[in-house]
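Q: Okay, predicted coordinates and the sequence, questions at the end:
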Amino acid sequence: MFDAKPKLGGLNEYGLATYKTAGDFAQQEIEWLLSIGGIEVHNGQQLGREFTLDSLLARFDAVFLGLGLVGVNALGIAEPQVSGLRDAVEFIAELRQAASPAEVPVGRSVVVIGGGMTAVDAAVQSRLLGAEQVTIVYRRGPEAMSASTVEQQWAQTHGVTIRHWAAPREVISEGGELRGMRFAATALKEGKLVETGEFFTLEADMVLRAIGQTYVAEPAGATIKLKGGRIATNEDGLTSHARVWAGGDCRHGGRDLTVEAVEHGKRSAVSIDLALRNPAAAAEPQQTLETQHG
Ligand SMILES: Cc1cc2nc3c(=O)[nH]c(=O)nc-3n(C[C@H](O)[C@H](O)[C@H](O)COP(=O)(O)OP(=O)(O)OC[C@H]3O[C@@H](n4cnc5c(N)ncnc54)[C@H](O)[C@@H]3O)c2cc1C
């Protein structure tokens, strides 16, 4: 196993709010998994930096890519360099790795922009750390949020306000200090999201971007074909390369959940095992679909 980060565990170690996976859950799970033996771990090794897919294929018979989504979407407006404006995933990662949560500065008035699990985790975490006012702002209605109804309720019962139908317009700052965020009200018109012409401002000394993570294709290289911006595979995880499988969030067509990433890993392991035992019967690689950046 090769992983870019100093610890294994991916988002379960670095990405989920501390209240969700308490008690060093990810490391305990990894310890248990590695106890089956015969697994070599190389941390701090990034595909595309320390090694390439070709160099792996020269050394190993099969490769499984579980690269997750390491790109973060920008707000799509001017984003000045001000303290307090940051990515929600980075805020959570810092908290997860801090010796004490008290070390990580949190604003008094926090605005979180987004509608998924990252937004909910960052908002609830901010409240638990003592922020007085926490507002999630999402550009569509509650049913379009990718955070489940249960998670939306979880945020609300933890004192987080959720404001729907508003899109970020302007970061408001003074002398390099964040002061707030101006939003444009939105609505659906003939199925399209449009701005209504009304605006409002929320005061904030911390604004967290949580508008989605993306698959970054460059490290795996152009041999691995994409669909919808993620890796195209068959149902067993086989990619466009006959000796490369992929699973988890980086694979097209999934639901971005841990339980599904585990299922992908299991199915790919069975498929890899079959392919290695009986190469003649192995499935055809995915001759699809899109170009590298499709
Ligand atoms: C805030 C938040 C809350 C969530 N809450 C839940 C929840 O409650 N329940 C749930 O089921 N799911 C939740 N999820 C989703 C879940 O965390 C992911 O679906 C799951 O972690 C996907 O696993 P993965 O292995 O595909 O990717 P990741 O967990 O992202 O792991 C990818 C790994 O690949 C490594 N890597 C990336 N690029 C390279 C490279 N070039 N070279 C080497 N290594 C590399 C990374 O370091 C990382 O270890 C949440 C996600 C977020 C962001």
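A: Looks like it came in fine. Numbering: from 1, shown residues only.
Q: mind listing what the nearest residue to residue 221 once chain neighbours are set aside touches?
A: Leaving out its chain neighbours, the residue that sits closest to residue 221 by CB to CB, 6 or more residues apart in numbering is residue 53, at 5.2 Å. Any C-beta I mention is one placed from the backbone N, CA and C, and that applies to glycine too. Counting by CB atoms under 8 Å, 6 or more residues apart in numbering, residue 53 makes contact with 47, 63, 220, 221, 223, 224, 241, 244.
Q: buried subset of these?
A: Neighbour counting over the contacts of residue 53 (16 or more other CB atoms under 10 Å) leaves 47, 63, 220, 224, 241, 244 as the buried ones.
Q: check the residues you listed against the ligand, which are close?
A: The subset of the buried ones among the contacts of residue 53 lying close to the ligand, counting by CB under 6 Å from any ligand atom, consists of residue 47.
Q: For the buried ones among the contacts of residue 53, work out which two are farthest apart.
A: Farthest pair in the buried ones among the contacts of residue 53 (CB to CB) is 47 and 241. Separation: 13.8 Å.
Q: Okay, helices next: where are they in the protein?
A: 10-14, 25-34, 53-59, 88-97, 117-128, 149-157, 258-277 (DSSP state H).
Q: Any chance of TSV for those helices, columns mean pLDDT and distance to the ligand?
A: Output for the helices of the chain, formatted as TSV (pLDDT from 0 to 100; distance: least, CB to the nearest ligand atom, whole Å):
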stretch	mean pLDDT	distance to the ligand
helix 10-14	92	2
helix 25-34	94	9
helix 53-59	97	10
helix 88-97	91	6
helix 117-128	94	4
helix 149-157	95	8
helix 258-277	96	4
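Q: Now the residue in the stretch 101-250 of the chain that the ligand sits nearest to: closest residue in space that isn't a chain neighbour?
A: Closest residue of the stretch 101-250 of the chain to the ligand, CB to the nearest ligand atom: residue 248 (2.0 Å). Among residues not flanking residue 248 along the chain, residue 261 sits closest, at 3.6 Å (CB to CB, 6+ apart).
Q: show me what contacts the one you found?
A: 66, 247, 248, 249, 254.
Q: Nearest to the ligand: which residue in the stretch 51-200 of the chain?
A: Taking CB to the nearest ligand atom, the stretch 51-200 of the chain has residue 68 as its residue nearest the ligand, at 2.3 Å.
Q: is it true that that residue touches residue 11?
A: Yes: the pair residue 68 / residue 11 is scored as a contact, 6.5 Å apart, by CB atoms under 8 Å.
Q: circling back to that earlier point, the residue of the stretch 51-200 of the chain closest to the ligand: neighbour count?
A: Residue 68 is surrounded by 18 other residues when neighbours are defined as other CB atoms under 10 Å.
Q: what does residue 154 give?
A: 17.
Q: My read is that it contacts residue 125, right?
A: No: shown here, residue 154 and residue 125 do not form a contact pair, counting by CB under 8 Å, at 11.7 Å.
Q: Next, the contact list for residue 108, please.
A: Counted by CB under 8 Å, 6+ apart, residue 108 has contacts 131, 132, 133, 205.
Q: hmm, 6 Å instead?
A: 132, 205 (CB atoms under 6 Å, 6 or more residues apart in numbering).
Q: Please report how far it lies from residue 129.
A: 11 Å (CB to CB, to the nearest Å).
Q: and what of residue 190?
A: 42 Å.
Q: and what of residue 45?
A: 33 Å.
Q: Leaving out sequence neighbours, find the closest residue to residue 167.
A: residue 139 (4.4 Å).
Q: how many other residues sit next to the one you found?
A: 20.
Q: Sounds good, over and out.
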